[in-house]
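Asker: what would the 3D arrangement of this be:
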Amino acid sequence: MESRFRSGFCVLVLFSCVCIGGLGSVTGENRKPKNVQVAIRAKWSGTPLLLEAGELLSEEREDLFWEFIEVWHHVEKDDLDSYTAKGCTTIILKHVSSLLSEQLASLLQFSLTLRSASPRLVLYRQLAKESLSSFPLVDDSNSNLEVKETLEINENLETEKSDPLLVGVNPKVPAGKCCWVDTGGALFFDVAELLLWLRCPTERAEDSFLQPELFDFDHIHFDSNIASPVAILYGALGTDCFKEFHVNLVQAAKEGKVKYVVRPVLPSGCEEKVGLCGAVGATDSLNLGGYGVELALKNMEYKAMDDSMIKKGVTLEDPRTEDLSQEVRGFIFSKILERKPELTSEIMAFRDYLLSSTISETLDVWELKDLGHQTAQRIIHASDPLQSMQEINQNFPTVVSSLSRMKLNDSIKDEIIANQRMIPPGKSLMALNGALINIEDIDLYLLLDMIHQELSLADQFSKLKIPDNVIRKLLSTVPPPESNMVRIDFRSTHVHYLNNLEEDAMYKRWRSNLNEILMPVFPGQLRYIRKNLFHAVYVLDPATSCGLEVIEMITSLYENSFPMRFGVILYSTNFIKKIEISGGDLPASATKDDSKVEEDISSLVFASYSFSPALLVLNLHLE
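Answerer: A predicted model of the protein is given here:
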């Protein structure tokens with residue numbers, strides 16, 4: 001009995017070991033390879049995606065920022081809490097896309113993925129901390145709360161000292177408040193206090209002398225009065241306090257009481273009050289993208305692997321990216337796949353086997369002369385060019401035979417040859433709608449800004465009902481060179497010309513044939529043609545030293561028969577100052593009685609010029 005028990009116990013132990021070993025082998029086979037992921041983490045905590053979306057909209061147009069606030073206020077908060085983080089991101093992009101065109105909405109989605117607006121929200125955090133620190137916040141009714149807040153401030157200071165590179169710490173507002181209004185002279189944490197301040201003109205007048213500084217990136221309401229006192233709202237879209245403050249400040253801005261400004265910020269501890277969709281991205285760490293970081297791991301252990309055999313069920317080519325109309329060993333696989341689509345994997349495996357078996361070491365030289373052009377044609381005609389280029393790059397010895405037998409399109413070959421004539425070997429060229437881009441100086445964010453400019457311009461053209469093919473041509477045209485010169489219509493009666501090349505006797509010996517323009521001359525020299533082709537109009541005050549120098553220069557050019565028609569527009573500096581002082585109207589003395597106008601030197605010159613222009617030029621030249 002005892003031996004039977006022991007033998008049975010041994011069998012049970014052996015069976016258990018076999019089971020455990022089998023499970024271990026199964027788990028070992030199903031174990032996934034360990035991947036290494038590298039990311040650059042920002043030195044500030046995450047920012048809400050909802051506030052980032054508003055900042056991206058303001059970069060497009062400032063009024064879209066205020067429209068987005070109104071749209072989000074009409075969304076039910078209970079419905080937003082039922083979404084997941086992914087669902088909240090989708091609903092945010094849905095409301096953002098409703099305010100933009102399809103192309104600009106897709107670009108904004110990409111910018112939101114890159115978190116490109118996060119640094120601006122961090123700047124708003126810093127401004128919010130300065131706003132809170134500018135006023136002593138003391139609450140005598142609750143000393144324990146004051147002690148608790150003092151401890152939290154000390155903890156933040158210790159954290160900043162321990163990590164000096166830490167930036168953008170979320171501000172902490174006393175008494176659990178999530179919004180406040182800064183007028184420069186006071187902080188209002190309750191709407192009732194703000195309404196009292198709005199009803200008292202004297203307090204608003206006193207705070208107007210202590211207005212906070214505004215910046216170019218601030219969101220100023222379009223109904224605000226520039227001369228009104230500034231009221232800056234710090235808070236996050238989605239909180240109840242933000243909505244209450246916003247409604248009252250918008251009404252006050254329309255009445256001309258305040259200059260309404262919004263600086264989005266989500267204080268610490270207000271994540272629950274803003275809701276799930278309003279806090280998405282605020283609690284997670286922020287990874288920076290677009291910096292081209294790479295972690296290269298090198299394995300010093302050499303392994304010998306036999307890759308001569310093709311594994312069953314693994315295809316080296318994708319039917320979506322390959323040109324299957326080409327014949328391979330007598331088979332046209334596009335026809336076979338049409339008849340048997342359920343056997344795609346087996347058919348492609350068979351094609352891979354045929355391609356691999358056709359690889360020969362005795363390929364003729366003429367079969368490889370157009371291999372580069374054939375490879376480019378295969379990639380261009382694929383439905384997914386990047387995927388096709390990756391597969392050809394990784395499996396080139398396997399597909400080289402099929403590439404060499406591909407029928408080459410002459411148009412693709414001619415285009416490649418034309419590009420090689422413009423670009424030297426080893427050089428790279430990048431162009432956006434015909435505009436060349438320096439690859440060495442470009443980065444992801446700069447490229448994103450350039451694409452945004454092109455899409456914004458295309459969106460403006462589309463609003464004018466211009467066809468898409470015409471828009472592409474307009475975007476590809478070379479922009480005209482920028483010039484800071486002022487354009488004046490030389491046909492205006494206000495321009496007084498001193499000479500006329502077509503009528504004056506001193507130019508009668510010149511030829512009047514316009515074909516003289518085609519004759520070669522010294523570089524930079526004008527053609528001596530008896531036509532008013534070139535004009536030079538000078539706007540000057542003849543009573544100033546600068547004006548006299550210009551008149552002397554005109555006289556010198558005129559005496560040397562310079563082939564140009566000279567014109568002048570005379571003005572009086574004193575008379576223009578009087579017009580500016582009167583708000584753009586003519587002085588009262590000039591409208592009632594012109595004889596009583598106090599004439600300065602410029603006015604006397606005007607009268608002399610009207611009497612005899614030649615005598616005036618001669619006198620000024622002699623002086």
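Asker: quick one, helices of the stretch 351-500 of the chain?
Answerer: 371-381, 385-394, 396-404, 410-422, 444-463, 468-476 (DSSP state H, counting those that start in this stretch).
Asker: can you tell me which of these comes nearest to Gln525?
Answerer: helix 410-422 (34.2 Å; Cβ to Cβ). For the C-beta atoms, the positions are set from N, CA and C on the backbone; glycine is no exception.
Asker: give me the contacts around that closest one.
Answerer: The contact list for helix 410-422 (Cβ atoms under 8 Å, 6 or more residues apart in numbering) reads Asp370, Gly372, His373, Ala376, Gln377, Ile380, Leu429.
Asker: hmm, the fifth one is touching Lys407, no?
Answerer: So the one you mean is Gln377. No. In this structure, Gln377 is not within contact of Lys407 by Cβ atoms under 8 Å, at 9.0 Å.
Asker: those two: who's more crowded?
Answerer: Using other Cβ atoms under 10 Å as the criterion, Gln377 and Lys407 rank with Gln377 on top: 21 against 10.
Asker: any idea what sits nearest the more buried one, other than its immediate chain neighbours?
Answerer: Ile412 (5.1 Å; Cβ to Cβ, 6 or more residues apart in numbering).
Asker: the spatially most central residue of the chain: what's it in contact with?
Answerer: Taking Cα atoms, centre = their mean, the centroid of the chain lies closest to Asp449, which sits 2.9 Å from it. Asp449 sits next to no residue when contact means Cβ under 8 Å, 6+ apart.
Asker: what separates it from Leu107, distance-wise?
Answerer: Between Asp449 and Leu107 the distance is 10 Å, computed by Cβ to Cβ, to the nearest Å.
Asker: same question, Asp370
Answerer: Counting by Cβ to Cβ, the gap from Asp370 to Leu107 is 39 Å.
Asker: one more: Ile442?
Answerer: Using Cβ to Cβ, Ile442 is found at 17 Å from Leu107.
Asker: now swap in Ala418 and tell me
Answerer: In terms of Cβ to Cβ, Ala418 sits 31 Å off from Leu107.
Asker: neighbour count: the two, which is higher?
Answerer: Ranked by neighbour count (other Cβ under 10 Å), Ala418 and Leu107 place Leu107 first, with 20 against 10.
Asker: now the helices for the stretch 51-200 of the chain?
Answerer: Assigned helices in the stretch 51-200 of the chain, in chain order: 62-73, 77-81, 85-97, 102-114, 118-133, 143-162, 191-199 (criterion: DSSP H, counting those that start in this stretch).
Asker: what does the last one contact?
Answerer: Right, the one you point to is helix 191-199. Contacts for helix 191-199 (Cβ under 8 Å, 6+ apart): 181, 183, 186, 188, 203-204, 207, 231, 241, 244-245, 248-249, 252, 257-258.
Asker: of those, grab the buried ones for ChimeraX.
Answerer: Only the buried members of the contacts of helix 191-199 enter the following ChimeraX selection, criterion being 16 or more other Cβ atoms under 10 Å:
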select :181,183,188,203,204,207,231,241,245,248,249,252,257,258
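Asker: which of the contacts of helix 191-199 scores worst on pLDDT?
Answerer: Lowest pLDDT among the contacts of helix 191-199: Asp207, with 66.
Asker: where's the closest residue to Phe562 other than its chain neighbours, which helix or strand?
Answerer: Nearest residue to Phe562, sequence neighbours excluded (Cβ to Cβ, 6+ apart): Leu526, at 7.6 Å. Counting by DSSP states H and E, there is no helix or strand that carries Leu526.
Asker: ok, now how distant is Leu526 from Leu518?
Answerer: 14 Å.
Asker: these two: which has the busier surroundings?
Answerer: Just comparing Leu526 and Leu518: by other Cβ under 10 Å the higher neighbour count belongs to Leu526, 11 against 7.
Asker: residue contacts, the residue nearest to Phe562?
Answerer: Counting by Cβ under 8 Å, 6+ apart, Leu526 touches Phe534, Phe562, Pro563, Met564.
Asker: redo the residues you listed as a markdown table? Include distance to Thr573 and pLDDT.
Answerer: Conversion of those to a markdown table gives the following (distance: Cβ to Cβ, whole Å; pLDDT from 0 to 100):
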| residue | distance to Thr573 | pLDDT |
| --- | --- | --- |
| Phe534 | 29 | 88 |
| Phe562 | 28 | 92 |
| Pro563 | 32 | 92 |
| Met564 | 27 | 91 |
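Asker: can you tell me which of those residues are in helices?
Answerer: Assigned to helices by DSSP state H, none of the contacts of Leu526 qualify.
Asker: just the buried subset of the residues you listed, please.
Answerer: Of the contacts of Leu526, these count as buried by 16+ other Cβ under 10 Å: Phe562, Pro563, Met564.
Asker: looking at these, spot the one nearest Phe135.
Answerer: Met564 (66.8 Å).
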